[in-house]
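Visitor: Have a look at this prediction, sequence included:
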Amino acid sequence: MTDFMPYNEDQELDNNTSDNTHFRDILEQRMSRRSLIKKTASGAAALALASSLSACSDDDEDTNVTPPTSKEEPNTKPETLTFKAVDKNLNDIVTVPEGYQATVLYALGDSINPSYSNWNADADVPSGPSFQFRSGDCHDGMSYFGLSTKTGRYDENASDHGLLVLNHEYINQTFLHPKGATKKDGRRPEDEVIREVNAHGVSVVHIKKNAETQAVEIVKSSPFNRRITASTVMDFAGPVAGSPLLHTAFSPAGRQTRGTQNNCGNGYTPWGTYLTAEENFIGYFQRSGTDQYSARSEAEKIALKRYGLGLEISYQTEKNADGSVKRDAKNNIIYILDADGKKIPERDEQDRIVYLNKSSRYGWETAEAGFESQDMYDRWAANVTKESATQDYRNAPNTFGWIVEIDPFDSRSNPVKRTALGRFAHEDCRASRAIEGQKFAFYMGDDSRGEYIYKFVSDATWDPKDVNGGYRAGDKYMNSGKFYVAKFNASGTGEWIELAYGKNGLTETNAIYPFSSQADVLTFARLAADAVGATKMDRPEWVAVNPENGEVYVTLTNNSNRGSSYATDPANPRNYTDPEGGKGNVNGHIIRFKEENTAATSFEWDIYLFGAEASMDPTINLSNLSDANDFSSPDGMWFDPRGVLWIQTDDGAYTDVTNCMMLAALPGQVGDGGVVKTVGDQSTIAGAQVTDKNLRRFLVGPKECEITGVTMTPDYKAIFINVQHPGEDSKSFDAPSSHWPATQTDMNNKTVRPRSATVVITRKDGKAIAG
Ligand code: FEO
Ligand code: CA
Ligand code: CA
């Protein structure tokens, strides 16, 4: 066992003497950013950052604070990209630039507990319960947290030890089970369901890096290692906690739920906690056709429909012997079978409409309990089955779709769902820069076609003493504040419209939904955003905040319906077809905006980058992409603290030419381009065109994968990415179309099944990545 113990509150109560250490950590953090500020920040941003330094009594750059990284390589942004661009390719490996190496660190089924060996993909699939101690599937958002080996707490500057925290968004059933997913008599086997539930959620993995070789390995015996799954107990905090909307049989008071799922993008806080985003949560719930006839209120039905649990009407009719539709004496069509094929008893005319069951994605609600309690499975069926919401799971879908805060250093407390940040298909959650005395903004996208961009602004202003404040700091900055949605104007300006009960028409008399509380507004944020006329975007995915100037970037991955269901507009300007028949905004774009400060209610915007094939017409390839940097469907995105922007793709449009990829970028700023006309004569505001000096392909993934999740050690010598769902188009468990990661070391390996995995990339000369 190691010397490190996970944080617990008792420990902190004894830790007053460690305040000096904490202060030194903060000081180091400030000092290590000094060179960045000097070199790159300008104007108001520089002043704001400089003022945040004023609390440091020792203003001498040659202070006796020891920087954690080697002195010969300052942590500064490169002037230009110099690594050799990786060529587009369809190989079944992770390709990185010459002089770099990619090593698989943590693949599906790998163990984080010494009692379990790693999953050998050639051998038997491990049991469902053992996945509580194994890597989940479909690795996604990810952040590195430096670990102080002295205190066992967060140290922003530690590169030798750290906690890698990552999402497991969903599962590839084909490869997760011995022979794919099975069902018997309409029910899922319990072991499979347990494996699937446990393969969701989040991993906390203690890693260490060799300062000489930069080799990274998992500290398997570390007590920090932990899995959070779709059944881990979580608390609610913020305005919706305790609301009747969250009442369930599990938590009649509406203060807790079990699990987090479909964890897609992520974020992290300056106080050292992880934020995981619950994206396509709604598909995990079943709803029966009869639920429409239940005690559901009209408001509930509106909300269920808007979030994707509305029920479809069936028009099955009874037939006469000659095949004609049977009619009753009044010439009404006689129905109609319900979804189970049973005839519905005579009712009044209205009841002749039959609603079809909505099935859940994985059928977890069908499992028959043996190992677990039946309640663990029943909770995935969102139906009125009892007299009150405190007795059934009609409200279960309301307990998902939130931003969840996880303190990786505190394994004793429950993760916290932060309801003040609204409920929708959360893709990502990025905090604004930590500037002493300023409010935080958290920027968030709702990844569905035509959905919105949101921000939450804290009431509290940043106090660096809250570093390592854990969930209590989260309570301070994330429970109380203002919640907004973005509206983009044609002129290059935009506004944040506040979503608050009683404001902007969000009242009981609203035509879209009868809002009766702030809990209503937050839980049904999409309806509130509809009501105030927010701008419908091309699938907002990840958000990144430029550390130099605070500008906010949002990937808009693509939208096949732009130009059909959604008219083009300046912020979502392209509608075209590609050679493979893609329609609408085929290749996606990255929009960005700047605000006076984090609490601003207006902004200026432009489009930093347009995805395209290099050979496309200049009215489509507006950023002038070349073979060194053309890409499609931006999704994952992160500014490293130096100011290098990392862009990742989850694509289906350019995959005839290349697998998904990651690019490095050195962007300019809002307004560095100008007004342009795109295909169809739609005008927009484009950023400056790029060159291969400031946008370059860094990596290409294996077959049929998505590249997602990106983080680095603070010395910039190791970068971590996730390969999600390699071989996802495989028809069967025994016919994989990718064998990665086995192919990473043996390209002739043509038998094993593919696995999602975390990859660490280092330089063979041990220097800084893209440095
Ligand atoms: Fe999970 Fe929107 O990607
Ligand atoms: Ca994504
Ligand atoms: Ca995506």
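Guide: Nice, thanks for sending it over. Ligands and ions are numbered 1, 2, ... in the order given.
Visitor: Excluding covalently adjacent residues, which one is nearest to the residue in the stretch 301-450 of the chain positioned nearest to ligand 1?
Guide: Across the stretch 301-450 of the chain, the shortest distance to ligand 1 (C-beta to the nearest ligand atom) belongs to residue 447, at 3.5 Å. (Glycine included, C-beta is placed from N, CA and C.) Nearest residue to residue 447, sequence neighbours excluded (C-beta to C-beta, 6 or more residues apart in numbering): residue 427, at 4.0 Å.
Visitor: Which residues of the protein lie near ligand 3?
Guide: 635, 650 (C-beta under 5 Å from the ion).
Visitor: and the chain, which residues reach ligand 2?
Guide: Checking the chain against ligand 2 by C-beta under 5 Å from the ion, the hits are 264, 541, 635.
Visitor: returning to that earlier point: give the burial count for the residue of the stretch 301-450 of the chain closest to ligand 1, as a bare number.
Guide: 24 (other C-beta atoms under 10 Å).
Visitor: With just CA atoms, put stretch 650-661 into CSV.
Guide: Taking Å, rounded to 0.1, in the frame of the first residue of the first chain, the C-alpha atoms of stretch 650-661 are listed here in CSV:
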residue,chain,number,x,y,z
ASP,A,650,-16.4,12.6,-33.4
ASP,A,651,-17.1,12.3,-37.1
GLY,A,652,-19.1,10.3,-39.6
ALA,A,653,-18.7,12.5,-42.6
TYR,A,654,-15.0,12.5,-43.5
THR,A,655,-14.4,8.9,-42.2
ASP,A,656,-14.1,7.6,-45.7
VAL,A,657,-10.8,9.4,-45.8
THR,A,658,-9.6,9.5,-42.2
ASN,A,659,-10.3,8.2,-38.8
CYS,A,660,-11.2,10.7,-36.0
MET,A,661,-8.4,12.9,-34.8
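Visitor: What residues sit buried inside that stretch?
Guide: 650, 651, 652, 653, 654, 655, 658, 659, 660, 661 (16 or more other C-beta atoms under 10 Å).
Visitor: Equivalent analysis for stretch 406-424, please.
Guide: 406-411, 414-424.
Visitor: Now do residue 337, the pLDDT please.
Guide: Note for residue 337: predicted pLDDT of 54.
Visitor: same check, this time on residue 265
Guide: Confidence at residue 265, expressed as pLDDT, is 98.
Visitor: so what's the residue nearest to it when sequence neighbours are not counted bridging to?
Guide: For residue 265, ignoring the flanking residues on the chain, the nearest one in space by C-beta to C-beta, 6+ apart is residue 428 at 2.9 Å. When assigned by DSSP bridges, residue 428 has beta-bridge partners residue 445.
Visitor: Surely residue 428 is in contact with residue 453?
Guide: No - using C-beta atoms under 8 Å, residue 428 makes no contact with residue 453, being 10.5 Å away.
Visitor: How many neighbouring residues does the residue nearest to residue 447 have?
Guide: 30.
Visitor: Tell me how far it lies from residue 460.
Guide: 25 Å (C-beta to C-beta, to the nearest Å).
Visitor: helix/strand/coil for the residue nearest to the spatial centre of the chain?
Guide: Note on the chain: the residue nearest the mean C-alpha position is residue 265, at 1.5 Å, using C-alpha atoms, centre = their mean. State at residue 265, reduced to three classes by DSSP: H, G, I helix; E, B strand; the rest coil: strand.
Visitor: now the one 10 residues further on
Guide: The three-state assignment at residue 275 reads strand, by three-state DSSP.
Visitor: residues contacting the nearest residue to it once chain neighbours are set aside?
Guide: In space, and not counting its chain neighbours, residue 275 is closest to residue 267: 3.7 Å by C-beta to C-beta, 6+ apart. Applying C-beta atoms under 8 Å, 6 or more residues apart in numbering to residue 267 gives the contacts 141, 143, 274, 275, 277, 403, 428, 429, 430, 431, 442.
Visitor: now do 7 Å
Guide: By C-beta atoms under 7 Å, 6 or more residues apart in numbering, the contact list for residue 267 reads 275, 428, 429, 430, 431.
Visitor: isn't the last one right next to residue 442, touching?
Guide: Yes - counting by C-beta atoms under 7 Å, a contact exists between residue 431 and residue 442, whose distance comes to 5.6 Å.
Visitor: Which one's more surrounded, these two?
Guide: In this view residue 431 and residue 442 are compared by other C-beta under 10 Å, and residue 442 has more residues nearby, 27 against 23.
Visitor: separation between the residue nearest to residue 275 and residue 322?
Guide: On the measure of C-beta to C-beta, residue 267 and residue 322 end up 63 Å apart.
Visitor: Not counting sequence-adjacent ones, nearest residue to residue 289?
Guide: residue 355 is the one closest to residue 289 (C-beta to C-beta, 6+ apart), at 4.1 Å.
Visitor: Quick check: the one you found touching residue 294?
Guide: No - because the distance of 10.7 Å does not satisfy C-beta under 7 Å, residue 355 is recorded as not touching residue 294.
Visitor: just for the stretch 151-300 of the chain, where's the confidence low?
Guide: For the stretch 151-300 of the chain, no stretch is flagged by pLDDT under 70.
Visitor: can you map out the helices along it?
Guide: Taking DSSP state H, counting those that start in this stretch to define them, one finds helices in the stretch 151-300 of the chain at 173-176, 190-198, 298-306.
Visitor: Tell me if residue 513 really is in a helix.
Guide: No - applying three-state DSSP, one finds residue 513 to be coil, outside a helix.
Visitor: what's the burial count for it?
Guide: Residues near residue 513, counting by other C-beta under 10 Å: 21.
Visitor: Check the gap between the nearest residue to it once chain neighbours are set aside and ligand 2 for me.
Guide: Closest residue in space to residue 513, ignoring its immediate chain neighbours: residue 527 at 4.3 Å, by C-beta to C-beta, 6+ apart. Separation of residue 527 from ligand 2 (C-beta to the ion, to the nearest Å): 24 Å.
Visitor: cool, and residue 282?
Guide: 16 Å.
Visitor: just residue 168 next, same as before
Guide: In this structure, residue 168 and ligand 2 are 13 Å apart, going by C-beta to the ion.
Visitor: who's that residue bridged to?
Guide: Here residue 168, judged by DSSP bridges, has bridge partners residue 139, residue 201.
Visitor: Could you verify my assumption that it touches residue 199?
Guide: Yes - taking contacts as C-beta under 7 Å, residue 168 lies within contact range of residue 199: 6.1 Å.
Visitor: Hmm, residue 377 is touching residue 362, no?
Guide: No - in this structure residue 377 lies outside contact range of residue 362 using C-beta under 7 Å: 11.0 Å.
Visitor: contacting residues for residue 382?
Guide: Per C-beta under 7 Å, 6+ apart, neighbours of residue 382: 285, 286, 287, 309, 393, 394, 396, 397.
Visitor: excluding its backbone neighbours, what's nearest the residue in the stretch 151-300 of the chain positioned nearest to ligand 1?
Guide: Of all residues in the stretch 151-300 of the chain, the one sitting closest to ligand 1 is residue 264 (3.3 Å; C-beta to the nearest ligand atom). The shortest distance from residue 264 to any non-neighbouring residue, by C-beta to C-beta, 6+ apart, is to residue 279 (3.7 Å).
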